[in-house]
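In: after the sequence you'll find the predicted model.
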Amino acid sequence: MNRTWAQYLHAFLMGQHMKTRSRIPNIYCANFCMAIVVVATLVFFAGCNMKHGVTIGETPPEIFGTDIHGEPVSLKQLKGKVVILYFWTNSCCGDKLKLLEPFYIRNKDKGLAIIAVNVSNTKETVESYAKNNAVTFTLQSDEHSMTSREYGVVGFPTIFIIDRQGIVRKKNMGYMEPDQLEKQVAHYVNM
């Protein structure tokens, strides 16, 4: 008779492997199986990084990849500048992101950089957005959501303000008017 591993396990737990007829009650079998599942799950996740995003006061993870023009995007290269890292999607934030352009133009010579990371859309879609809306700050596509996952982004927009030393100073979840964002950034830009 051909048996699966589950059938062998069940037979073992029910005491059918022994010559005597004593069996383990079903309640013990269910508890034992549940314990195996829990232990297997803990072992599986033991090596996983359980960190949940970037927090204020720490150095954020490096961003890898290129912008929509093929230029490398790197937080290390921007050290010494104040960086706004703006996670967005076309569906919720596309009409608002372009409003940052005048703010960026006013402050870029003071050492402000904006990296707008589009989550889930292709590079071509983001290129089209930039062209249609005359956006000149850095745009990057995070088509597979790798960067947003590493930063712990769960809603859009999510905005990080990183100071000149490369430390996260603010994290805003949800839309902010450009003048509100400018007030938050002013302290770091004018340092």
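Out: Arrived safely.
In: now the closest residue to residue 71 other than its chain neighbours: how far from residue 187?
Out: Once flanking residues are discounted, residue 71 sits nearest to residue 138: 8.0 Å by C-beta to C-beta, 6 or more residues apart in numbering. C-betas here are computed from N, CA, C, even on glycine. Distance of residue 138 to residue 187, computed by C-beta to C-beta, to the nearest Å: 22 Å.
In: between the two, who's got more neighbours?
Out: Neighbour comparison, residue 138 and residue 187: the larger count goes to residue 138, with 22 against 13 (by other C-beta atoms under 10 Å).
In: give me the pLDDT for the more buried one.
Out: Note on residue 138: pLDDT of 98.
In: and it, bridged to which residues?
Out: residue 115 (DSSP bridges).
In: domains of this structure?
Out: 5-45, 82-189 (automatic domain parsing).
In: what about the last one, distance to the chain center?
Out: Here domain 82-189 shows a centroid-to-chain-centroid distance of 14 Å under the convention C-alpha atoms, centre = their mean, to the nearest Å.
In: which stretches of the chain form helices?
Out: 5-13, 26-45, 90-97, 101-107, 123-133, 146-150, 178-189 (DSSP state H).
In: and those helices, which one's lowest on average pLDDT?
Out: Among those, helix 26-45 carries the lowest mean pLDDT, at a mean of 55.
In: report the contact partners of residue 182.
Out: Contacts for residue 182 (C-beta atoms under 8 Å, 6 or more residues apart in numbering) come out as 103, 107.
In: right, so the domains of the chain: which one is the most enclosed?
Out: domain 82-189 (a mean of 17; mean count of other C-beta atoms under 10 Å).
In: first-to-last residue distance for that domain?
Out: End-to-end distance for domain 82-189: 6 Å, by C-alpha to C-alpha, to the nearest Å.
In: again, but for stretch 96-104
Out: First residue to last in stretch 96-104 (C-alpha to C-alpha) measures 14 Å.
In: could you do stretch 94-102 as well?
Out: End residues of stretch 94-102 are separated by 16 Å (C-alpha to C-alpha).
In: cool, and stretch 116-124?
Out: 15 Å.
In: next one: stretch 125-143
Out: 10 Å.
In: next: stretch 79-96.
Out: First-to-last residue span, stretch 79-96, C-alpha to C-alpha: 27 Å.
In: same question for stretch 127-145.
Out: 17 Å.
In: could you list which residues are in contact with the residue nearest to residue 170 when sequence neighbours are not counted?
Out: For residue 170, ignoring the flanking residues on the chain, the nearest one in space by C-beta to C-beta, 6+ apart is residue 161 at 4.0 Å. Residues counted as contacts of residue 161 (C-beta under 8 Å, 6+ apart) are 82-85, 168-172, 184-185, 188.
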